[in-house]
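Colleague: Need a 3D model of the following:
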Amino acid sequence: MLDGVQIRVEGLMLARFVDRLTGEGVTVKRARRAGLREMDLWVSSRDTARLFALAEKHGLRAERIGARGWARWKSRARSQAALLIGILAVAGALMALNARVWLVEIRVVSQETQPGIEWRVGEALTSLGFKPGVASGTLDVRSLAAGIQLVEPSLTFVGVRVRGIRLLVELGLENPAPELYDLDAGRDLVALKDAVISSIDALTGVRCVKEGDTVRAGQVLIRGEERVSDELTRGVRALGVVMARAWYTAEASGSLRGEKTVDTGRASASTELRFREYAWRLTAGGQYGMQREAVERLPVVGLYVPVHIVRTTRYEQEIVESPIDRAALEMALHDQAIAAALAKLEPGDEIAGQWVDFTREGDILTARAVIEVRADIAVDRDTWIKRVMAEVADSP
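Modeller: Predicted coordinates:
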């Protein structure tokens with residue numbers, strides 16, 4: 001197998017160039033014509049640089065094609081060594097980065113939270129001496145957790161752990177005590193809104209409606225009383241869940257008749273001569289009831305004074321009907337009606353379905369959106385009265 005580097009030389013008098021190489025001490029192991037002005041030469045690796053230098057000196061173009069034998073293996077070894085060094089350098093950099101903590105993640109793991117708690121805990125970490133880039137082996141996570149809990153006594157749990165380059169801080173806040181029900185305080189549950197009853201689960205009190213009943217807002221659903229004997233009853237605080245279906249509606253309207261302003265084809269022009277703030281009318285044009293104007297400034301040729309002619313052209317216009325794309329109008333009204341109906345939803349409403357109907361009266365197209373929801377409508381009477389008072393205050 002031929003050992004050496006293959007170099008292609010392009011130019012004139014290539015045979016003479018081979019003789020000059022031999023005279024300069026370059027050993028040409030093999031020479032082969034590759035074309036009319038091209039020749040492939042095989043030389044050793046140590047003679048490659050000298051060949052390129054002589055080719056440039058004599059105005060020839062030289063290009064390395066490949067290598068064989070020991071030269072090929074030596075070139076591949078150099079490239080593999082460079083790749084290995086790069087891999088080792090990257091691995092060393094990653095190990096150095098992974099040995100330090102650069103990021104802080106503060107996570108609230110309890111159901112309750114407080115506004116700004118993450119920011120306050122971050123400030124507490126800074127005051128305790130934590131800085132990004134600190135070696136993970138020097139961190140005392142127990143001391144950090146104790147320091148955070150000392151600064152924020154409202155926290156019931158603080159966990160600090162190192163995860164790679166992250167410092168994970170988990171926070172637990174105290175859950176508020178549940179509401180206490182005074183069963184001896186008489187209270188009815190009434191309907192929050194107009195609806196159709198789907199199910200009723202009375203924990204305490206007496207049911208006043210059944211499934212499938214249509215109720216009005218304020219109607220008693222569960223009466224706050226219980227029977228003590230065959231003849232006596234006493235007031236209790238009614239408790240229960242009443243699921244019902246309710247509907248929200250909204251409308252959006254638009255005209256099927258469009259209008260646009262167009263030129264009629266009639267026009268008139270007026271001109272005047274202007275010199276600074278002075279003006280002299282040259283010709284007068286007519287006026288139209290609806291018009292648009294176009295103003296042109298024409299210089300006076302041959303004069304070196306700021307004199308010019310202003311020509312004002314007035315075009316008569318009129319309003320004509322233009323066709324409206326009904327499909328596009330229906331799509332726009334559909335989206336408007338649905339958005340208006342969705343804006344009426346209240347917390348706790350679960351959407352069960354929605355649809356839109358279109359009606360037309362003359363040139364007016366109206367979209368009526370209906371959204372069906374499922375919700376617990378049982379509230380105490382005080383809550384319902386507050387809602388009614390708020391609606392009265394918001395009404396014009």
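
Colleague: where do the strands sit along the stretch 1-150 of the chain?
Modeller: Counting by DSSP state E, counting those that start in this stretch, the stretch 1-150 of the chain has these strands, from start to end: 4-10, 28-35, 38-43, 61-68, 100-101, 103-108, 134-135.

Colleague: Give me the residues contacting the last one.
Modeller: To tie it back to what came earlier, the one meant is strand 134-135. For strand 134-135, the surrounding residues in contact (CB atoms under 8 Å, 6 or more residues apart in numbering) are 99-101. Every C-beta, even on glycine, is put in place using the N, C-alpha and C of the backbone.

Colleague: what about the residue most central in space within the chain, which helix or strand?
Modeller: Most central in the chain under CA atoms, centre = their mean is residue 339, positioned 20.7 Å from the mean C-alpha point. Secondary structure assigned from DSSP states H and E places residue 339 in helix 326-342.

Colleague: Make TSV out of the strands of the stretch 1-150 of the chain and add mean pLDDT and mean neighbour count.
Modeller: Rendered in TSV, the data for the strands of the stretch 1-150 of the chain read as follows (pLDDT from 0 to 100; neighbours: other CB atoms under 10 Å):
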stretch	mean pLDDT	mean neighbour count
strand 4-10	84	21
strand 28-35	83	13
strand 38-43	86	20
strand 61-68	80	14
strand 100-101	80	18
strand 103-108	85	14
strand 134-135	81	12
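
Colleague: a markdown table please, covering these and showing distance to residue 272.
Modeller: Conversion of the strands of the stretch 1-150 of the chain to a markdown table gives the following (distance: least, CB to CB, whole Å):
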| stretch | distance to residue 272 |
| --- | --- |
| strand 4-10 | 78 |
| strand 28-35 | 81 |
| strand 38-43 | 81 |
| strand 61-68 | 75 |
| strand 100-101 | 80 |
| strand 103-108 | 74 |
| strand 134-135 | 81 |
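
Colleague: So, low pLDDT: which residues of the stretch 51-200 of the chain?
Modeller: For the stretch 51-200 of the chain, the stretches flagged by pLDDT under 70 are 68-84, 86, 90-98, 175-186.

Colleague: Apply 90 and report the result again.
Modeller: The stretch 51-200 of the chain contains residues with pLDDT under 90 at 51-188, 193.

Colleague: ok, which stretches of it are helices?
Modeller: Read by DSSP state H, counting those that start in this stretch, the stretch 51-200 of the chain holds these helices, from start to end of the chain: 69-98, 117-127, 141-151.

Colleague: Centre of the chain to the second one, how far?
Modeller: Going back to what we said before, that points to helix 117-127. Between the mean C-alpha location of helix 117-127 and the chain-wide mean there is a distance of 28 Å, by CA atoms, centre = their mean, to the nearest Å.

Colleague: helices and strands around that helix, which ones?
Modeller: With contacts defined as 3 or more CB pairs under 8 Å, 6 or more residues apart in numbering; DSSP states H and E, the secondary structure elements packing on helix 117-127 are strand 103-108, helix 141-151, strand 166-173.

Colleague: if we go to 10 Å?
Modeller: The criterion is 3 or more CB pairs under 10 Å, 6 or more residues apart in numbering; DSSP states H and E, and the helices and strands that helix 117-127 contacts are strand 103-108, helix 141-151, strand 155-163, strand 166-173.

Colleague: buried residues in the third one?
Modeller: Of all the residues in strand 155-163, those buried under the rule 16 or more other CB atoms under 10 Å are 155, 158, 160.

Colleague: Now do it against helix 141-151: the angle between them, please.
Modeller: Compare the direction of strand 155-163 with that of helix 141-151 by axes from the mean of the first three to the mean of the last three CA atoms, to 10 degrees and you get 150 degrees.

Colleague: What lies in contact with strand 155-163?
Modeller: Under the criterion CB atoms under 10 Å, 6 or more residues apart in numbering, residues 101, 103, 105, 107-110, 112, 114, 117, 121, 124-125, 130, 136-137, 139-152, 167-175 lie in contact with strand 155-163.

Colleague: What of the longest one?
Modeller: Contacting residues not belonging to helix 141-151 are listed as 106, 120-125, 127-130, 140, 155-162, 167-171 [CB under 10 Å, 6+ apart].

Colleague: And residue 382, how far from residue 190?
Modeller: Relative to residue 190, residue 382 is positioned 10 Å away (criterion: CB to CB, to the nearest Å).

Colleague: Who has more neighbours out of those two?
Modeller: A side-by-side neighbour count of residue 382 and residue 190, using other CB atoms under 10 Å, places residue 190 first with 26 against 10.

Colleague: if I pick the more buried one, what's in contact with it?
Modeller: Contacts of residue 190 were listed using CB under 10 Å, 6+ apart, and they are 208, 215-223, 238, 242, 377-385.

Colleague: about what we covered before: any chance of the helices and strands packed on helix 117-127 in TSV, plus distance to residue 321?
Modeller: Written out in TSV, the entries for the helices and strands packed on helix 117-127 read as follows (distance: least, CB to CB, whole Å):
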stretch	distance to residue 321
strand 103-108	62
helix 141-151	72
strand 155-163	69
strand 166-173	65
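
Colleague: coming back round to it: residue 293: which of the strands of the stretch 1-150 of the chain is closest?
Modeller: Comparison of the strands of the stretch 1-150 of the chain against residue 293 by CB to CB identifies strand 103-108 as nearest, at 65.0 Å.

Colleague: tilt between that closest one and helix 141-151?
Modeller: 50 degrees.
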